[in-house]
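Asker: what would the 3D arrangement of this be:
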Amino acid sequence: MRVTVCRDCCCGSARKVPCLDHDEQIRLLGEVAEVRVTECLDVCDQANVIVVQPTPEGRAAGGRPVWLAFVNDGHATADVADWIRAGGPGLAPLPPILELHRFSGPRR
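Answerer: Numbering: from 1, shown residues only. Model prediction:
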């Protein structure tokens with residue numbers, strides 16, 4: 001499974017999100033998925049943004065990428081990691097707590 005983590009002008013910024021160890025967030029997610037760090041995803045008002053991609057099995061089961069906003073503390077990061085361990089998009093239902101973070105990504 002792949003997780004895309006936005007790290008640019010706002011996401012990953014200690015100035016905008018001071019209560020999170022941004023490097024630790026990437027390390028924790030890297031324990032359960034391949035982490036791809038990217039530049040701006042154009043949703044700066046919702047920093048920190050993470051996109052969870054389904055595995056091939058998850059995609060075959062109907063899973064699609066899930067965009068998560070405001071993943072700004074260790075608890076939210078742990079919730080994302082737990083969902084990935086359970087299978088992620090298409091294979092495990094999105095926990096209710098993560099539904100609060102879910103949003104539609106920008107159309108490009």
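Asker: now do the helices in the protein.
Answerer: For the chain, the helices identified by DSSP state H occupy 22-30, 56-60, 74-86, 96-99, in order along the chain.
Asker: in the shortest one, what's buried?
Answerer: When burial is assessed from 16 or more other CB atoms under 10 Å, helix 96-99 yields the following buried residues: residue 98. Quick note: C-beta positions are derived from backbone N, CA and C, even for glycine.
Asker: which residues does that helix contact?
Answerer: By CB atoms under 8 Å, 6 or more residues apart in numbering, the residues outside helix 96-99 that reach it are 68, 76, 79-80, 83.
Asker: repeat that for 10 Å
Answerer: The contact list for helix 96-99 (CB atoms under 10 Å, 6 or more residues apart in numbering) reads 52, 66, 68, 71, 75-76, 79-80, 82-83, 93.
Asker: what do you get for the longest one?
Answerer: The set of residues external to helix 74-86 that reach it, using CB under 10 Å, 6+ apart, is 1, 3, 19-21, 24-33, 48, 50, 52, 55, 66, 68-71, 73, 88-89, 91-95, 97-98, 100-101.
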